[in-house]
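Peer 1: Sequence first, predicted model second:
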Amino acid sequence: MATSLRPTAVRAVWSRDFALFFAARAVARLGDTMLPVALAAGLLQHGYGAGAVGLAMAATAAAFAGLVVFGGVLADRFSTRKLMIGADLVRLGTQALAAALFFSGHVVLWQICAIGFANGVAGAVFQPGVASTVPRLASDVQGANGAIRVAESAAQLAGPAVAGLLVGFASPGGVFAAHATTYAVSALCLLLLRLPPPAPGSRAVSGRGSKAFRADLVQGWREFLARRWLWNVIAVWCVYMIAVWGPTVPLVATEVVGEHGPRAYGLVNSALGAGTVVGGLLALRLRPVRMLRAGAIALVGFAAFPASVGAGLGVPAMAAGAAVAGAGMSFWGVMWATSVQTQVPPDVLNRIHAYDVAGSLAMMPVGQALAGPAAAALGADRVLLVAGVTSFAVCAALLLIPAVRGLVRVDAAAAGSSGTAAAAAEPSRAQKC
């Protein structure tokens, strides 16, 4: 695996504006990881069961997955910064309303689901703009993605613990109030942000009305299909979501809690989070020329997570497997995000990122839904072992696709082209001498 060893310190990542965006993403992620604790504690406290908690979370996920493609069209047609600020303000309002409902003790499930749906819509408007914002703020796109991944991973570690403290010392309403505050901070950071002009290749709005909107949607789909490496990864990722990630999350929870108790599950989850921090730090340092090939090799490490639990190993071994899995997944995530942000033209980047997000998430609920029946038929341990083996197969499939393993990072390709041009020009310079 060829890498560039130039220190990241000489690369352009940090600036006032990137720091603001970095803070916005970290704080918002902290709030998002607090939400499941708040929903579970709050709804259970008011007499609802686990099914109600799942329904409230599903309302957000369904709205996000169903509408994020349309959010990509909006992000390519309007100011991404304004759209993101607007989305944060909407979620500030919805979470403040949820806090008021829990503080008052008047909690009705359909209202919580409606609030979750509104949050999903806002997230669908917000997320596509992230893809084009990072390249506009930092010339070292990989370094910027690595820094953001580290911050989000650290927030994911801290969020549930902070939420648990707030539930204990205040109430679930206090967690919702804190979550609303994180969106206020994110919106303020984005408001203070000064985005540079769009990169060369961006276009102005080509038309208005539903016809132009549909044309942009179709164009985004065509651009998505035109990049074999892109849609091949998403196709493989659908299998990954169904057979690996989907069943791993719920079955690991039930197996570890059932065999070793909730404290052991918390330790394993913390190890997973710590691993994602390590993966982000590695992505800041290593500069592979073929980024997706390097990411796919690192992703092999995820197999250690379901396999260690399925094999019935002890808690230390499961925690180690979780840490390796987190590092591999995090490194892959940075390689993938950077490839999309640097290989795709700016004028369609938000739409293609939206198709990427929608395709990546579409099969996750299918895998989660099939986890229970599969565990009942085969046993949870066997399903997890199959997930580990499938994880290897998925990585092998990625490496067997020429368009994926052979994709060269943009700066390396540019350097190669410059070197070729210089070599071609050398004889003419010699002749002049």
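Peer 2: Sure thing, it's come through. Residues are numbered from 1 along each chain as shown.
Peer 1: What are the buried residues along the helix or strand encompassing residue 186?
Peer 2: Per DSSP states H and E, residue 186 falls inside helix 172-192. Residues of helix 172-192 classed as buried: 172-190 (neighbour count, 16 or more other C-beta atoms under 10 Å). No exception for glycine: its C-beta is placed from N, CA and C like everyone else's.
Peer 1: and it, what does it pack onto?
Peer 2: helix 16-45, helix 80-104, helix 141-169 (3 or more C-beta pairs under 8 Å, 6 or more residues apart in numbering; DSSP states H and E).
Peer 1: pLDDT weak spots in the stretch 201-350 of the chain?
Peer 2: 201-209, 262 (pLDDT under 70).
Peer 1: 50 - rerun?
Peer 2: 204 (pLDDT under 50).
Peer 1: middle-most residue in this protein, spatially?
Peer 2: residue 333 (7.3 Å; C-alpha atoms, centre = their mean).
Peer 1: what residues are up against that residue?
Peer 2: 149, 279, 295 (C-beta atoms under 8 Å, 6 or more residues apart in numbering).
Peer 1: and the next element down the chain from the host helix or strand of residue 292?
Peer 2: Using DSSP H and E, residue 292 sits in helix 291-299. Scanning forward in sequence from helix 291-299 by DSSP H and E, the next helix or strand is helix 304-310.
Peer 1: Distance-wise, check residue 166 relative to residue 84.
Peer 2: 26 Å (C-beta to C-beta, to the nearest Å).
Peer 1: wait, I meant residue 156
Peer 2: 20 Å.
Peer 1: Comparing these two, which residue is more hemmed in?
Peer 2: More crowded of residue 156 and residue 84, by other C-beta atoms under 10 Å: residue 84, with 27 against 20.
Peer 1: For burial, what's the neighbour tally of residue 322?
Peer 2: 28.
Peer 1: Wait, it touches residue 268, no?
Peer 2: Yes - between residue 322 and residue 268 a contact is recorded at 5.0 Å, counting by C-beta atoms under 8 Å.
Peer 1: ok, then the element right after the host helix or strand of residue 395?
Peer 2: Assessed by DSSP H and E, residue 395 sits inside helix 380-400. Next helix or strand after helix 380-400 toward the C-terminus (DSSP H and E): helix 402-405.
Peer 1: what comes into contact with stretch 346-355?
Peer 2: 68-73, 75-76, 80, 127-132, 135, 198-203, 216-217, 219-221, 223-224, 227, 230, 234, 340-341, 344.
Peer 1: switch to 7 Å and redo it
Peer 2: Residues outside stretch 346-355 that contact it (C-beta atoms under 7 Å, 6 or more residues apart in numbering) are 68-69, 71-73, 75-76, 80, 128-129, 131-132, 198-199, 201-203, 216, 219-221, 223-224, 340-341, 344.
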